[in-house]
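Enquirer: what follows is a predicted structure for the sequence shown.
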Amino acid sequence: MTQRDPRRLRALFDRLFEELQAFPTAEVRKIELVLQGGEFLIALENLTTQLDELDVPVPASAAATILELAALTGLDPRYTDRLDL
């Protein structure tokens, strides 16, 4: 992971939730609980998995944010690959 600033990671997640208008509120709440524990990588794994399973459209702005978070957290590429990012 190139940067571990929790405020920066949290801000990116907040931006991502705004960009993902079609992502269900109930799923956002679940990920918020993981974020409260400071588990940014797990939160991103859960988020990308749910985007794939629920077939939520990922706008270009959200894709860029996901890729930035992936780089910062060291997310395994298989999570972004299944979203075709």
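Expert: Received, thanks. Not measured: the values here are computed from a predicted model. Numbers count the residues shown, from 1 in each chain.
Enquirer: what about the helices in this protein?
Expert: Taking DSSP state H to define them, one finds helices in the chain at 6-19, 25-36, 40-53, 60-73, 77-81.
Enquirer: tell me which other helices or strands the shortest one touches.
Expert: Read it as helix 77-81. When contacts are defined as 3 or more CB pairs under 8 Å, 6 or more residues apart in numbering; DSSP states H and E, helix 77-81 packs onto helix 40-53, helix 60-73. All C-beta atoms are positioned from the backbone trio N, CA, C, and that covers glycine.
Enquirer: now swap in the fourth one and tell me
Expert: The elements that helix 60-73 packs onto, with contact taken as 3+ CB pairs under 8 Å, 6+ apart, are helix 6-19, helix 40-53, helix 77-81.
Enquirer: deepest-packed of these, please.
Expert: Highest mean neighbour count among the helices and strands packed on helix 60-73 (mean count of other CB atoms under 10 Å): helix 40-53, with a mean of 19.
Enquirer: rounded to a whole number, what's the mean pLDDT of it?
Expert: Helix 40-53 carries an average pLDDT of 98.
Enquirer: outside of that helix, which residues touch it?
Expert: 6, 9, 13, 16, 20, 23, 27, 30-31, 34-35, 56, 58, 66, 69-70, 72-76, 79-80, 82-83 (CB atoms under 8 Å, 6 or more residues apart in numbering).
Enquirer: how about 6 Å then?
Expert: With contact meaning CB atoms under 6 Å, 6 or more residues apart in numbering, helix 40-53 is reached by 9, 27, 31, 34, 35, 69, 73, 75, 79, 82, 83.
Enquirer: and the residues you listed, which are buried?
Expert: For those, a burial check counting by 16 or more other CB atoms under 10 Å picks out 9, 27, 31, 34, 35, 69, 73, 75, 79, 83.
Enquirer: and the fifth one, how far from residue 29?
Expert: Distance of residue 35 to residue 29, given as CB to CB, to the nearest Å: 11 Å.
Enquirer: just to check, residue 62 is in contact with residue 20?
Expert: Yes: using CB atoms under 6 Å, residue 62 makes contact with residue 20 at a distance of 5.2 Å.
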